[in-house]
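S.K.: Predicted structure and sequence below. I'll ask about it afterward.
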Amino acid sequence: MTRRLVFPLALAGLLATTGAASALVHHGWSEYDSTRTLNLTGTVQNIRYGNPHVLIGLRTKGRSGRVWEAVLAPPSRMEARGLPQDSLRSGMTARVVGYPHKRNRSEMRAERIIVGKDTTELR
């Protein structure tokens, strides 16, 4: 094989592998039950503001004090919709409306988040 073919083939292989790895990390929305709406209020425990989605840990009120992992929109969409990174902090109270994961009982897909008087539609 000539050197002129080796680099393009190697690059194509690398790009194909990278794309496959990204697809494995990002899960599809079909994993969430859109027939059941959750409306949870709690305290933000932690935040991961990064791609492919912003994640927050939300400790709900009540005796159980359950912590939900809420999968929000990607950072670029959060910014475009008016909820930049510095808008969410640990210790804040937030309300998250969305759908529960079909298998992971502590995960939800967020459709909207309400912080104070501000509502941000995420989809």
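M.R.: That came through fine.
S.K.: Okay, and the beta partners of the one residue sitting closest to the centre of the chain?
M.R.: Central residue of the chain (Cα atoms, centre = their mean): residue 71, 2.9 Å from the mean position. Using DSSP bridges, the bridge partners assigned to residue 71 are residue 55, residue 109.
S.K.: residues contacting it?
M.R.: Neighbour list for residue 71: 53, 55, 107, 108, 109, 110 [criterion: Cβ atoms under 8 Å, 6 or more residues apart in numbering]. For glycine as for every other residue, the C-beta is placed from the backbone atoms N, C-alpha and C.
S.K.: you'd agree the fourth one is up against residue 100?
M.R.: Yes: taking Cβ atoms under 8 Å as the contact criterion, residue 108 and residue 100 are neighbours in contact, 5.3 Å apart.
S.K.: what about the helices in this structure?
M.R.: 3-25, 75-80 (DSSP state H).
S.K.: least reliable of the ones you listed going by mean pLDDT?
M.R.: Ranked by mean pLDDT, the helices of the chain bottom out at helix 3-25, which scores a mean of 51.
S.K.: neighbour count winner among residue 108 and residue 100?
M.R.: residue 108 (25 against 20; other Cβ atoms under 10 Å).
S.K.: check contacts around the more buried one.
M.R.: By Cβ under 8 Å, 6+ apart, the residues touching residue 108 are 32, 38, 40, 68, 69, 70, 71, 96, 98, 99, 100, 101.
S.K.: how far away is the closest residue to it other than its chain neighbours from residue 116?
M.R.: The shortest distance from residue 108 to any non-neighbouring residue, by Cβ to Cβ, 6 or more residues apart in numbering, is to residue 98 (4.7 Å). Distance from residue 98 to residue 116, counting by Cβ to Cβ, to the nearest Å: 19 Å.
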